[in-house]
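Chemist: Could you look at this predicted model? Sequence included:
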Amino acid sequence: MPDETQIANDAMMDFSHPHFEAPRWLLLAVVAPLLLAWLHRRAAVKRKQQLAQIVSPRFVEELAASHSPARRRFKNFLLLLAFVFAGIALARPQWGELKSSGQWLGEDVVFVLDGSYSMLSTDVRPNRLQRAKLAIADFVRTHGRGRVGLVAFAGSAFLQCPLTLDYDAFENALEAVDEKTIPVPGTDIGRALQEANRAMEKKSR
């Protein structure tokens, strides 16, 4: 039994909180289009003034009429829109908050494993015992942070692996457990828990 909180992280995403990771770039989405519009208008006025000094006003009007105002406005609109979307993209919009609940494996954990003949049942494949061993090994590999130990039990209990940081040794001890490890028939979970508690007490001495 672990003396620390055992953990198995369980995360869920809440999509109700949109936010930006780099909000300063939103200034680009606001300021750049305004600045661009002002510069474009200023350049147009200056260009018209320069043409008026070179050619007659009538020719300037005819030249302006030969270009489509709608097409020019549409191009300008697309350019402004590009700056808006660029600013939003650089601001890195995100939706949701990562809420973590659950537990990680704590400092020290002693697993108890039923090695009785009932664990040879094939209601799960290949059988209950092998599935339990695979689940323990996978859990330790995924969530292990501290020392782990193992108690095998049936009608009695035995400390198969004292607390250790050697995960390979732990897995070897785990793999060695079979229906013959504990010769006494039965399923004495109470004795297994007592043995696990003793293993935990030893490490604190």
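Modeler: Noted; the coordinates are in hand. The structure displayed is predicted, hence computed values, not measured ones. Numbering: from 1, shown residues only.
Chemist: if I pick Val151, what's in contact with it?
Modeler: Listed by C-beta atoms under 8 Å, 6 or more residues apart in numbering, the contact set of Val151 reads Val110, Phe111, Val112, Leu113, Ala157, Phe158, Leu159, Gln160, Ala192, Glu195, Ala196, Ala199. Backbone N, C-alpha and C define where each C-beta goes, glycine included.
Chemist: I meant to write Arg42 there.
Modeler: Contacts here follow C-beta under 8 Å, 6+ apart; on that basis Arg42 touches nothing.
Chemist: Ok, Thr181 next?
Modeler: So Thr181 contacts Gly115, Ala152, Ala154, Phe158, Gln160 (C-beta under 8 Å, 6+ apart).
Chemist: picking up where we left off before, may I see the contacts of Val151 organised as TSV, with secondary structure and distance to Pro185 added?
Modeler: Compiled in TSV, the contacts of Val151 are given as follows (DSSP: H, G, I helix; E, B strand; the rest coil; distance: C-beta to C-beta, whole Å):
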residue	secondary structure	distance to Pro185
Val110	strand	23
Phe111	strand	21
Val112	strand	17
Leu113	strand	16
Ala157	strand	13
Phe158	strand	14
Leu159	strand	20
Gln160	strand	18
Ala192	helix	14
Glu195	helix	17
Ala196	helix	21
Ala199	helix	23
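Chemist: which one of those residues has the most neighbours?
Modeler: Neighbour counts for the contacts of Val151, by other C-beta atoms under 10 Å, peak at Val110, which reaches 26 neighbours.
Chemist: returning to what we had before: relative to Leu27, which of the contacts of Val151 is nearest.
Modeler: Using C-beta to C-beta, Phe111 comes nearest to Leu27 of the contacts of Val151, at 55.4 Å.
Chemist: give me the beta-bridge partners of the closest one?
Modeler: Beta-bridge partners recorded for Phe111 (DSSP bridges): Leu150.
Chemist: close enough to count as contact, it and Ile136?
Modeler: Yes. Under the criterion of C-beta atoms under 8 Å, Phe111 makes contact with Ile136 at 5.3 Å.
Chemist: any common contacting residues for the two?
Modeler: Common neighbours of Phe111 and Ile136 (C-beta under 8 Å, 6+ apart) are Leu150, Leu174.
Chemist: follow-up on the earlier one: want to throw the contacts of Thr181 into JSON lines with pLDDT and distance to Ile88?
Modeler: Below are these laid out as JSON lines (pLDDT from 0 to 100; distance: C-beta to C-beta, whole Å):
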{"residue": "Gly115", "pLDDT": "93", "distance to Ile88": "60"}
{"residue": "Ala152", "pLDDT": "96", "distance to Ile88": "59"}
{"residue": "Ala154", "pLDDT": "94", "distance to Ile88": "64"}
{"residue": "Phe158", "pLDDT": "92", "distance to Ile88": "63"}
{"residue": "Gln160", "pLDDT": "96", "distance to Ile88": "58"}
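Chemist: Which two of those residues have the greatest separation?
Modeler: Among the contacts of Thr181, Ala154 and Gln160 lie farthest apart (C-beta to C-beta), at 12.0 Å.
Chemist: For Gln194, the count of nearby residues, please.
Modeler: 14.
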